[in-house]
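Student: Here is my input, please return the structure:
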Amino acid sequence: MRSAKRLSPTTFSSPVLNCKKHGRRPTPMANDLSLKDAFSLFNHHLRAGGFEEHRVSLYTRTLQGPVKRLIARHLPGEPSDWDIQALPLSRIPHEVIQECMRPSHNLTHLTARKLFKFLIHAGVLDPGLLPTRKTLLIKAIEQAPDELSTGMSLHQACCAFVKYLWDNKTLLHEAVKTRYIHLQSFARWKGGHRSIGDVRRDDIRSYLQYLQQDRGYRAISKASTLTELRTFFAFFITSGVLRTNPTATIRVKKLKKRPQPVLSEQQLTRIFTTAYLNYRHYEEVVPSSRDQAILRWLAARDWAILSILITTGIRSKEIARLHTDSIDFKQRLIKISGKGDPKHTVRERIIPVTEPIALSALETYLRLRPQSVFPHLFLSCRLEPLQHAGFRQTIQKISRQAQIHERVTITELRKSFSSLCAVKGIDPLVLKQIMGHNSIATTMKYYLTIREQQLKEVWEYSNPLRYFSRKEWKEWIF
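Tutor: This is a model prediction of the structure:
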């Protein structure tokens, strides 16, 4: 029987990773590493990600053919298969790699992209080969017209409005992008080539009806869309392009304020305990196979994810950005890269983690975490950075096991954390710093909600009519 040390997931690494672990650069860099050596490194990465041996061989054979054919097309003459395998990576034309990195549905490019992205993240290829894609907003800003006029199309008007929001408003990138997507949806429905001056009140009504009947929008989504359209047309009235706002006389039903669903302290404890018990099942068992070793560190990862979310209340993007060096165990701190300003400046903040059980979960996970070319703290089973869908699936799985029937997401855990802090009486300024809010008004919403609930409870027990007996009540009424 193989020893537990050989089966430990921390031993699943490649030569590149072993060199990095001991403080050395990968021995064969781009000047010496051949394409055959690159395939060998990629095989190590696949095995570390949990691929079985026959799947690794099949995947590599499937990968080698398209990559070799792609490189052969850009080399002079007719190179043999051996010449291509012995070709140093430094002699591969950069046009080949950049062509594979561009968005494409070509199967050859999709297959080769996985190899080249791995080599870039492993430090073998130059990171400058990664494409610098223009975001949706930057493309819209570049297409904005220089002068505003009544005859410009709806598409041009959307781009001009986005440019105005980007330059003059203190909105975050996500907020501006969401508005642009909603406005473009209206422009496509109306016809992007149509003039902005042709939009009438009936068009807005028909569009809102289309959103409700055909796209299943709820009342709150319709109201939000109407508000965005109203702001959009108001901008062009202020600019002198339009004289009337087609949304001015449109009204929607007043929506009732729904209470924010939050989890109780007992429910959060059940979720955390369930994640811990899942890991404890593997804690005292020596893994007898590769699959058991992988399941062991994945259970430790899930426990660490829930411990961070419950004890810090960070956002989904923030937990995805955490690196292995973001945690300082000596100072008991977590360094978080949070939301920034509209110009993409990332704002960092420090959150203390004083709970020993949360620190124990993180230490256990880091001890079992396999080595990877990615510095991210939380990895998928393929040793790649865990994405938002992976975090969502982990939380849903643990909440189902804990028999929590309410909807549990990272946002709900964040709201529950802040509400519990407000109930415990934490200083609002301290909670604002922990949550990473831009304004204290956002933080005070949780305190106002708690005050309303406490007011109802106090009034329920202190209402004078409560002390009337039923008989006295009837006599008093009649």
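Student: Sketch out the low-pLDDT regions of this protein for me.
Tutor: 1-32, 49-51, 102-106, 108, 130-135, 255-260, 338-346, 451-478 (pLDDT under 70).
Student: Can you give me the domain boundaries for the chain?
Tutor: The chain breaks down by automatic domain parsing into domains covering 4-129, 136-238, 265-446.
Student: Any chance of CSV for these, columns distance to residue 252 and mean neighbour count?
Tutor: No exception for glycine: its C-beta is placed from N, CA and C like everyone else's. Compiled in CSV, these are given as follows (distance: least, CB to CB, whole Å; neighbours: other CB atoms under 10 Å):
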stretch, distance to residue 252, mean neighbour count
domain 4-129, 39, 16
domain 136-238, 5, 16
domain 265-446, 23, 17
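Student: Which one, of the ones you listed, ends up nearest to residue 251?
Tutor: domain 136-238 (8.9 Å; CB to CB).
Student: circling back to that earlier point, and the domains of the chain as a markdown table, adding distance to residue 250?
Tutor: Formatted as a markdown table, the domains of the chain follow (distance: least, CB to CB, whole Å):
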| stretch | distance to residue 250 |
| --- | --- |
| domain 4-129 | 39 |
| domain 136-238 | 6 |
| domain 265-446 | 28 |
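Student: looking at these, which is closest to residue 246?
Tutor: By CB to CB (comparing all of the domains of the chain), the closest turns out to be domain 136-238, at 4.8 Å.
Student: Who are the packing partners of the helix or strand encompassing residue 160?
Tutor: Assigned by DSSP states H and E, residue 160 belongs to helix 154-168. Contacts defined by 3 or more CB pairs under 8 Å, 6 or more residues apart in numbering; DSSP states H and E place helix 154-168 against helix 136-142, helix 173-190, helix 219-238.
Student: So which elements touch the second one?
Tutor: Meaning helix 173-190. Using 3+ CB pairs under 8 Å, 6+ apart, helix 173-190 is in contact with helix 136-142, helix 154-168, helix 201-213, helix 219-238.
Student: how about a markdown table for those helices, with distance to residue 366 added?
Tutor: As requested, those are exported to a markdown table (distance: least, CB to CB, whole Å):
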| stretch | distance to residue 366 |
| --- | --- |
| helix 136-142 | 36 |
| helix 154-168 | 40 |
| helix 201-213 | 47 |
| helix 219-238 | 42 |
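Student: follow-up on the earlier one: which of the domains of the chain sits closest to residue 244?
Tutor: Using CB to CB, the nearest of these to residue 244 is domain 136-238, at 7.5 Å.
Student: How far does that closest one stretch from one end to the other?
Tutor: End-to-end distance for domain 136-238, by CA to CA, to the nearest Å: 26 Å.
Student: next one: it to chain centre, how far?
Tutor: Offset of domain 136-238 from its chain centre (CA atoms, centre = their mean, to the nearest Å): 25 Å.
Student: cool, stretch 267-285 as well?
Tutor: Centre to centre, stretch against its chain (CA atoms, centre = their mean), the figure for stretch 267-285 is 25 Å.
Student: which residues touch that stretch?
Tutor: Residues outside stretch 267-285 that contact it (CB atoms under 8 Å, 6 or more residues apart in numbering): 263, 292, 295-296, 299-300, 302-303, 305-307, 310, 357, 361, 364, 398-399, 401-404, 406, 408, 413, 416, 420.
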